[in-house]
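Novice: What follows is a predicted protein model with its sequence.
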Amino acid sequence: MPKPRKTLVSLEATPYYHCVSRCVRRAFLCGDDAPSGKSYEHRRQWIQDRMQTLAAVFAVDLCAFAVMSNHYHVVLHVDRHEAEGWSDTEVIRRWQELFVGHPMAQRHLAGEPLLEVERKLVAELVALWRARLTDISWYMRCLNETIARQANEEDQCSGRFWEGRFKSQALLDEKALAACLAYVDLNPIRAGLAETPETSDYTSIQERIKAALAGNAAQPPHLLPFAGNPREEMPKGIPFRLEDYLELVDWTGRILRDDKRGAIPAHLPPILERLHIDSRYWRHMTKNFESRFKGLVGAAYKLKAACTCLGYRRTPNLAACRELLT
């Protein structure tokens, strides 16, 4: 039986989450539908554009994404500290970029004088909206609902476009995060849609490579940047060096291609050594991340701590996490 979303998300345990949404109808989310002969390729850009819009509104950072033919993947980072630093005006402004808002909040933005009871109402609304702007469920709702409406209008039909719930996995430590990022970025290669990361359209790895090849020190603005190896007073970002991660994805993409005999480099990417990940298990994780892990992913001791925090009676994934991530 599916668990309530509140029992799967604990920001005390981790701010990183892998989410997947799948199309419920036979018609493709994106790509070419052979039976009908119709192309839905343009919908990939819909999703990518919407992700960029939400990245500028929510306190939820986009770490990685891959848009496939009938589903998409995102890896998200919830920055609750950022949202806590927003002023009431900033919260209202951000919320009204997505929704109409409330007339009282609009009066507050306009600088009109408010009665005490009206100020209390605005404060309650701001608290509610601030919480929603750090909520993964609201992020996915704002992404999926917009795409569903556009697709239904284009298909001239009504009803569900997505499955009832998006799937989410909590990434409890750096090993789980690295494996999931690579799993998402290499989706097109595993599916046989691309041969290299740089030719994987509508993926975060392609955007990062383009920015790196352009010689621009700045990483794509709508993606959470790679900030380097963990250290004190570390800037906000993914706790790896970009160069190490790109090398890791390239190396992994080569070993995922069984037809490319002799193409595997003799040396391991240094990021695997730093994270103490056994290379024998790395290929398996980056091919089967969704199927091997359900809900919570990380080292055994991290998994047990998260389950205690969430009030679980049992510890799911313990055997798989002990085998592959401990």
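Specialist: Arrived safely, thanks for sending.
Novice: Wait, Ala306 touches Ser10, no?
Specialist: Yes. Counting by CB atoms under 8 Å, Ser10 is a contact partner of Ala306 at 6.2 Å. From N, CA and C alone the C-beta is placed, and that goes for glycine too.
Novice: Counting neighbours around each, name which of those two comes out higher.
Specialist: Ala306 (21 against 18; other CB atoms under 10 Å).
Novice: quick one: secondary structure of that one?
Specialist: Following DSSP: H, G, I helix; E, B strand; the rest coil, we place Ala306 in the helix state.
Novice: For Ala306 and Ser10, list the residues in contact with both.
Specialist: Jointly contacting Ala306 and Ser10 under the rule CB atoms under 8 Å, 6 or more residues apart in numbering are Ala170.
Novice: which residue ranges form the strands in the protein?
Specialist: 16-22, 32-33, 38-39, 60-67, 71-78, 167-171, 296-297 (DSSP state E).
Novice: Lowest average pLDDT across these?
Specialist: Lowest mean pLDDT within these: strand 32-33, a mean of 66.
Novice: Where does pLDDT dip in the stretch 101-250 of the chain?
Specialist: For the stretch 101-250 of the chain, the stretches flagged by pLDDT under 70 are 216-217, 230-234.
Novice: quick one: buried residues of stretch 288-302?
Specialist: 289, 292-293, 295-300, 302 (16 or more other CB atoms under 10 Å).
Novice: Could you list every helix and strand that the longest helix seen in the chain packs against?
Specialist: As assigned by DSSP state H, the longest helix anywhere in the chain is helix 136-155. Packing contacts for helix 136-155, counted by 3 or more CB pairs under 8 Å, 6 or more residues apart in numbering; DSSP states H and E, involve strand 16-22, helix 43-55, strand 71-78.
Novice: how does it look with 10 Å?
Specialist: Packed against helix 136-155 by the contact rule (3 or more CB pairs under 10 Å, 6 or more residues apart in numbering; DSSP states H and E) you find strand 16-22, helix 43-55, strand 60-67, strand 71-78, helix 116-132, strand 167-171.
Novice: show me what contacts the residue lying closest to Ile209 once chain neighbours are set aside?
Specialist: Closest residue in space to Ile209, ignoring its immediate chain neighbours: Glu198 at 4.8 Å, by CB to CB, 6 or more residues apart in numbering. Counting by CB atoms under 10 Å, 6 or more residues apart in numbering, Glu198 touches 205-206, 208-210, 212-213, 246, 250, 253.
Novice: would JSON lines of these with neighbour count and distance to Thr89 be doable?
Specialist: What follows is the contacts of Glu198, written out as JSON lines (neighbours: other CB atoms under 10 Å; distance: CB to CB, whole Å):
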{"residue": "Ile205", "neighbour count": "27", "distance to Thr89": "37"}
{"residue": "Gln206", "neighbour count": "19", "distance to Thr89": "37"}
{"residue": "Arg208", "neighbour count": "23", "distance to Thr89": "34"}
{"residue": "Ile209", "neighbour count": "21", "distance to Thr89": "38"}
{"residue": "Lys210", "neighbour count": "12", "distance to Thr89": "36"}
{"residue": "Ala212", "neighbour count": "16", "distance to Thr89": "37"}
{"residue": "Leu213", "neighbour count": "9", "distance to Thr89": "40"}
{"residue": "Leu246", "neighbour count": "21", "distance to Thr89": "40"}
{"residue": "Asp250", "neighbour count": "17", "distance to Thr89": "45"}
{"residue": "Gly253", "neighbour count": "25", "distance to Thr89": "46"}
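Novice: Which single one of the residues you listed is nearest to Ser69?
Specialist: Nearest to Ser69 out of the contacts of Glu198 is Gln206 (CB to CB; 16.6 Å).
Novice: isn't the closest one right up against Ile189?
Specialist: No. If you go by CB atoms under 10 Å, Gln206 and Ile189 don't touch, sitting 11.3 Å apart.
Novice: Now the common contact residues for the two.
Specialist: Common contacts of Gln206 and Ile189 (CB under 10 Å, 6+ apart): 196-197, 199-200.
Novice: JSON lines for those, including neighbour count and distance to Ile238?
Specialist: Output for the shared contacts of Gln206 and Ile189, formatted as JSON lines (neighbours: other CB under 10 Å; distance: CB to CB, whole Å):
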{"residue": "Thr196", "neighbour count": "16", "distance to Ile238": "22"}
{"residue": "Pro197", "neighbour count": "22", "distance to Ile238": "16"}
{"residue": "Thr199", "neighbour count": "13", "distance to Ile238": "23"}
{"residue": "Ser200", "neighbour count": "23", "distance to Ile238": "19"}
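Novice: before we move on, the earlier item: with just CA atoms, put the longest helix of the chain into PDB.
Specialist: Only the C-alpha atoms of helix 136-155 are listed here, as PDB (Å, rounded to 0.1, in the frame of the first residue of the first chain):
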ATOM      1  CA  ILE A 136       8.100  18.900  -3.200                       C
ATOM      2  CA  SER A 137       4.400  17.900  -3.700                       C
ATOM      3  CA  TRP A 138       3.500  21.500  -4.500                       C
ATOM      4  CA  TYR A 139       6.500  21.700  -6.900                       C
ATOM      5  CA  MET A 140       5.500  18.600  -8.700                       C
ATOM      6  CA  ARG A 141       1.800  19.700  -8.800                       C
ATOM      7  CA  CYS A 142       2.800  23.100 -10.400                       C
ATOM      8  CA  LEU A 143       4.900  21.200 -13.000                       C
ATOM      9  CA  ASN A 144       2.500  18.400 -13.800                       C
ATOM     10  CA  GLU A 145      -0.800  20.300 -13.800                       C
ATOM     11  CA  THR A 146       0.500  22.800 -16.300                       C
ATOM     12  CA  ILE A 147       1.800  20.200 -18.700                       C
ATOM     13  CA  ALA A 148      -1.400  18.100 -18.300                       C
ATOM     14  CA  ARG A 149      -3.600  21.100 -19.200                       C
ATOM     15  CA  GLN A 150      -1.500  21.900 -22.300                       C
ATOM     16  CA  ALA A 151      -1.400  18.300 -23.400                       C
ATOM     17  CA  ASN A 152      -5.200  17.800 -22.900                       C
ATOM     18  CA  GLU A 153      -5.900  21.000 -24.900                       C
ATOM     19  CA  GLU A 154      -3.600  19.800 -27.700                       C
ATOM     20  CA  ASP A 155      -5.200  16.300 -27.700                       C
END
